[in-house]
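Chemist: predicted model, plus sequence, below.
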Amino acid sequence: MRFVHGAFLSTAIVCLTASCYSTKVNTPQDEEDVFAGTSLDPNAAPVNEAPPPKNAKEPDREFIKDMLRRSADQAAKCNVEANAGPRSNVYVNVTFTRNGRVSKIDVAPPHRDTPIGDCVQRAFEGIFVTGWQSNESVTMERIVDFNKKAQDPTP
């Protein structure tokens, strides 16, 4: 009796398992148009693409100032006890090349080569601005005050 019961149980499991893994897949009769009833164009360009660069003759100093301000706000977060160094104003000179990339970051003493100065420098490293056609580089100073967050840049 036990053998019959075990064989029946095994057969039932095999049949149920086989029916779960059937090769027949039910597909809908009509394909649904996901854009039906909307004003979306399925062939339109993606909306998350950046606009083309202006590639102006001269650098966009206002945009550079804005990017420096944003980086200075990030640099103000370096004011934690883990970063050793003086807590006075940090003077940072950032130089941009004509392709819009940062070519040099100069943190003035006494913050240079200190943990807090290194943290401030890292905050300015990733800046990328719109390029320009003239061959000149642009250097701007930014003052990071840990009490007042950041000051406006000066050319």
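Modeler: Nice, I can see it.
Chemist: A helix includes D73, no?
Modeler: Yes. Residue assignment for D73, taken from DSSP: H, G, I helix; E, B strand; the rest coil, places it within a helix.
Chemist: count the residues that sit near it.
Modeler: The burial count assigned to D73 is 13, neighbours taken as other CB atoms under 10 Å. For glycine as for every other residue, the C-beta is placed from the backbone atoms N, C-alpha and C.
Chemist: looks like M140 contacts L68 (just checking).
Modeler: Yes. Here M140 reaches L68: they are 6.0 Å apart, a contact under CB atoms under 8 Å.
Chemist: okay, the two: which has more neighbours?
Modeler: For M140 versus L68, the count of surrounding residues by other CB under 10 Å is larger for L68: 24 against 18.
Chemist: I'd assumed V94 was in contact with the more buried one.
Modeler: Yes. At 6.3 Å, L68 and V94 qualify as touching, with contact defined as CB under 8 Å.
Chemist: okay, and the common contacts of these two?
Modeler: The contact sets of L68 and V94 overlap at F124, I127, M140, R142 (CB atoms under 8 Å, 6 or more residues apart in numbering).
Chemist: how about the second one, phi and psi?
Modeler: The one in question is I127. In terms of degrees, to the nearest 10, the main-chain angles of I127 are phi -70, psi 140.
Chemist: so what pLDDT did it get?
Modeler: pLDDT for I127: 90.
Chemist: likewise for the third one?
Modeler: Reading off the per-residue confidence, M140 sits at a pLDDT of 96.
Chemist: work out for me the element it sits within.
Modeler: Here M140 is covered by strand 138-145, with elements defined by DSSP states H and E.
Chemist: sec struct for I116, please.
Modeler: For I116, the secondary-structure state derived from three-state DSSP is helix.
Chemist: what sits against it?
Modeler: Taking CB under 8 Å, 6+ apart as the test, what I116 contacts is C78, N79, N83, A84, G85, P86, R87, V90.
Chemist: 6 Å - rerun?
Modeler: Contacts here follow CB atoms under 6 Å, 6 or more residues apart in numbering; on that basis I116 touches C78, N83, G85.
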